[in-house]
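Enquirer: sequence first, predicted model second:
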Amino acid sequence: MSVRIDIRPKAELTADERTAFVALCAAAYSPEESAAWPGRKLEWALPDDRILVWTETGELACHAGLLIREAQWNGQAVRVGGIGSVVTHPRWRKQGFATVALRRAITFFESQPAIDFALLACEPRLFPFYAKLGWEEFHGQLLVRQQGATTEFTFNKIMTYPLALPQLVEGQLDLMGPPW
Ligand SMILES: CC(C)(COP(=O)(O)OP(=O)(O)OC[C@H]1O[C@@H](n2cnc3c(N)ncnc32)[C@H](O)[C@@H]1OP(=O)(O)O)[C@@H](O)C(=O)NCCC(=O)NCCS
């Protein structure tokens, strides 16, 4: 598969990239689906960077948002590489585009100083997909902030990927901010 992968700080998206991203989201989620999404009620963190995967014909096939967060695991400071908003255009699904984006996200985190592990939230139906790429379910407690208040995150399941630390699957993890 011949693809182009860009990593863009979000403020540096060109107008064409922004247009392509909006079109990708519109193709992936109908207005009714977006309006009915229960996650709309939550406060989410915005990504710092975005991975854009383009087809060889120049169409935006896949997006993943990235952020780095200083957090705490069992009271110990940890640096987390966050991945969110992973989405592939329906026309380009099951052709490896999200796999490419997720692998690129990990090499990006590996190139940053001292990131302990990567973390994403997903529905259980996606466990097998992420597990094939080395992710494991986190069975511990995840704390996040919502409008500044500490609360347990139970909206989705959590998966982690080992970086500086071995794979982290239990304990209390406090993201010290909104989830992604
Ligand atoms: C989940 C999602 C991002 C996956 O994107 P994708 O680009 O289709 O993912 P990939 O192509 O890398 O892998 C998907 C599957 O296709 C398979 N696949 C990859 N390349 C393939 C190919 N050339 N031929 C056949 N199958 C292939 C993968 O092995 C994987 O199989 P699995 O589902 O059994 O694990 C996409 O379905 C999506 O956008 N869904 C809606 C939004 C969403 O749920 N996002 C996840 C938020 S956590």
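Expert: Yep, it's here. Numbers count the residues shown, from 1 in each chain.
Enquirer: contact residues of the protein facing the ligand?
Expert: Taking C-beta under 6 Å from any ligand atom as the measure of proximity, the chain contacts the ligand at 28, 62, 86-88, 93-99, 120, 122, 126, 128-129, 132. Glycine gets a C-beta too; all of them are placed from N, C-alpha and C.
Enquirer: ends of stretch 112-121, what's the gap?
Expert: 21 Å (C-alpha to C-alpha, to the nearest Å).
Enquirer: please apply the same query to stretch 44-54.
Expert: 26 Å.
Enquirer: and the helices in this structure?
Expert: Residue ranges of the helices in the chain, as given by DSSP state H, are 15-28, 31-36, 97-111, 127-132.
Enquirer: so which of these is the most packed in?
Expert: A comparison of these by mean neighbour count, using mean count of other C-beta atoms under 10 Å, puts helix 97-111 on top with a mean of 19.
Enquirer: quick one: low-confidence ranges for this protein?
Expert: Applying pLDDT under 70 to the chain flags no residue at all.
Enquirer: which residue lies farthest from the center of it?
Expert: Computed with C-alpha atoms, centre = their mean, the residue of the chain farthest from its C-alpha average is Thr57, at 25.3 Å.
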